[in-house]
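Participant: Okay, predicted coordinates and the sequence, questions at the end:
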Amino acid sequence: MSTSASPSARDRRRWAGYLVNERAEARVYRDLAARRSGEERAILLALAEAEGRHEAHWLALLGGEPATLPRASLSTRVLGWMAQRFGSIFVLALAQNAEGRSPYDLDPHATAAMAADEKIHREVVRGLAARGRRRLSGTFRAAVFGANDGLVSNLALVMGIGATGASASFVLFSGIAGLLAGALSMGAGEFVSVRSQRELLASTEPSDYADHVLPDLDLDANELALLYRTRGMDPDEALARAHRVVTAAQAAGSGVSQTGPVPVRDVHEVVGKDWGAALSSFAFFASGAIVPVIPWIFGMSGLAAVLLALALVGLALLATGAMVGLLSGGPPLRRALRQLAIGFAAAAVTYALGLAFGVALG
């Protein structure tokens, strides 16, 4: 680190900006910690303490508290506002991106340790955000993809029907029919998918089918070790465990459970609940599919209805795309624009086909 004896006014302004941002970030972590408990609370408070060390560094360079301080950056202020009002998953996803944009790598007045801290903070925050994502993933996946499918498929449907020159009432009927058919299909498909996944996972879990015969096994020659080898143990470890289990069973005179905590149960939380996923998929597909139909519901027709439908769906696609970006730790704007491009491309194709069919039928 190199510092000058007489820092320039520009340096001092930059340091003051770092100072207020570090304070604001520490406050975000403390606000999040207040909403959590146990290990996650301790981790968040430790992050806040680390930001406090960075704050002290800039205070030392400034020679104490400046008479006036700038405002924290807009992104940091937004992060603080969200930390006080919303769930930690969204805030942590934003904080992950913020930690990844630290300027300390390029600033000669920041220590190497501070720059390293920021990189580690990004991974710590990413780990905390990942915990929340795992808790959300089953039902959230059905909800987001259901809403996006509803938006895109029904927009494409009403664009294609409308381009043929069909009456406004026919476009409205087609949109409602597409909403119901798609929502029912999505809900049923999601139920079958999640139920099948859960049943598949359940079939891989150890059972107590043979526990009652454990006392009858030969202590020195039994196949229990083979069972443990099928679960990933090496031969020596499997043989030692089999010997312990059979010895305990014979001493007790009855079967004892040979299974400990089963890691695969954690996967059930990721897969989600079948009915929850199905109902979420149905509801969110319907909520997405109703958006393109709104202009026709209110009696609009022609180009005005088409333009309003495109505007409404465009806003919804931007919102859902940005949300997926936030929760996945990706850039929200890029994900939003990607979702918008996909939706409008599908609508353009069906609109062109509708125009072609309209001309042919006309």
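Facilitator: Arrived safely.
Participant: Let me see the ranges of the helices in the stretch 51-200 of the chain.
Facilitator: 74-85, 88-100, 112-163, 168-204 (DSSP state H, counting those that start in this stretch).
Participant: can you check the stretch 201-350 of the chain too?
Facilitator: 224-230, 235-252, 265-271, 274-289, 294-297, 302-328, 332-361.
Participant: Comparing the ones you listed, which stretch has the densest surroundings?
Facilitator: Ranked by mean neighbour count, the helices of the stretch 201-350 of the chain are led by helix 274-289 with a mean of 23 (mean count of other C-beta atoms under 10 Å). Placement of C-beta: from N, CA and C, glycine included.
Participant: who does it touch, helix- and strand-wise?
Facilitator: With contacts taken as 3 or more C-beta pairs under 8 Å, 6 or more residues apart in numbering; DSSP states H and E, helix 274-289 sits against helix 112-163, helix 168-204.
Participant: quick revisit: ok, which of the helices of the stretch 201-350 of the chain comes nearest residue 180?
Facilitator: Nearest to residue 180 among the helices of the stretch 201-350 of the chain is helix 274-289 (7.9 Å), distances taken as C-beta to C-beta.
Participant: follow-up on the earlier one: which stretch in the helices and strands packed on helix 274-289 has the least confidence?
Facilitator: For those, mean pLDDT drops lowest on helix 112-163, to a mean of 79.
Participant: can you give me how far that helix is from the chain middle?
Facilitator: 4 Å (C-alpha atoms, centre = their mean, to the nearest Å).
Participant: Now do it against helix 302-328, angle only.
Facilitator: Interaxial angle of helix 112-163 relative to helix 302-328 (axes from the mean of the first three to the mean of the last three C-alpha atoms, to 10 degrees): 150 degrees.
Participant: can you tell me which of the helices and strands packed on helix 274-289 comes nearest to residue 249?
Facilitator: The nearest among these, by C-beta to C-beta, is helix 168-204 at 23.9 Å.
Participant: on that earlier part again, using JSON lines, please lay out the helices of the stretch 201-350 of the chain together with distance to residue 21 and mean pLDDT.
Facilitator: Output for these, formatted as JSON lines (distance: least, C-beta to C-beta, whole Å; pLDDT from 0 to 100):
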{"stretch": "helix 224-230", "distance to residue 21": "53", "mean pLDDT": "74"}
{"stretch": "helix 235-252", "distance to residue 21": "51", "mean pLDDT": "79"}
{"stretch": "helix 265-271", "distance to residue 21": "35", "mean pLDDT": "46"}
{"stretch": "helix 274-289", "distance to residue 21": "36", "mean pLDDT": "84"}
{"stretch": "helix 294-297", "distance to residue 21": "42", "mean pLDDT": "93"}
{"stretch": "helix 302-328", "distance to residue 21": "20", "mean pLDDT": "85"}
{"stretch": "helix 332-361", "distance to residue 21": "20", "mean pLDDT": "83"}
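Participant: Now these in JSON lines, please, with extra columns for distance to residue 13.
Facilitator: As requested, the helices of the stretch 201-350 of the chain are exported to JSON lines (distance: least, C-beta to C-beta, whole Å):
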{"stretch": "helix 224-230", "distance to residue 13": "65"}
{"stretch": "helix 235-252", "distance to residue 13": "62"}
{"stretch": "helix 265-271", "distance to residue 13": "47"}
{"stretch": "helix 274-289", "distance to residue 13": "46"}
{"stretch": "helix 294-297", "distance to residue 13": "49"}
{"stretch": "helix 302-328", "distance to residue 13": "31"}
{"stretch": "helix 332-361", "distance to residue 13": "28"}
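Participant: Determine which of these approaches residue 170 most closely.
Facilitator: helix 294-297 (9.5 Å).
Participant: Mind giving me the packing neighbours of the closest one?
Facilitator: On the basis of 3+ C-beta pairs under 8 Å, 6+ apart, helix 294-297 makes packing contacts with helix 168-204, helix 302-328.
Participant: which one of those helices lies closest to residue 114?
Facilitator: helix 302-328 (26.3 Å).
Participant: now the angle between helix 168-204 and that closest one, please.
Facilitator: Computed by the same axes, to 10 degrees, the angle between helix 302-328 and helix 168-204 is 20 degrees.
Participant: Mind giving me the packing neighbours of helix 302-328?
Facilitator: helix 88-100, helix 112-163, helix 168-204, helix 294-297, helix 332-361.
Participant: before we move on, the earlier item: I'd like the helices of the stretch 51-200 of the chain written out as a markdown table, with distance to residue 27 and mean neighbour count added.
Facilitator: Formatted as a markdown table, the helices of the stretch 51-200 of the chain follow (distance: least, C-beta to C-beta, whole Å; neighbours: other C-beta atoms under 10 Å):
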| stretch | distance to residue 27 | mean neighbour count |
| --- | --- | --- |
| helix 74-85 | 6 | 16 |
| helix 88-100 | 12 | 22 |
| helix 112-163 | 15 | 21 |
| helix 168-204 | 40 | 17 |
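Participant: quick one on the thing from earlier: rebuild the helices and strands packed on helix 302-328 as CSV, extending it with distance to residue 63.
Facilitator: What follows is the helices and strands packed on helix 302-328, written out as CSV (distance: least, C-beta to C-beta, whole Å):
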stretch, distance to residue 63
helix 88-100, 27
helix 112-163, 19
helix 168-204, 60
helix 294-297, 60
helix 332-361, 39
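Participant: looking at those helices, which is closest to residue 71?
Facilitator: helix 88-100 (15.8 Å).
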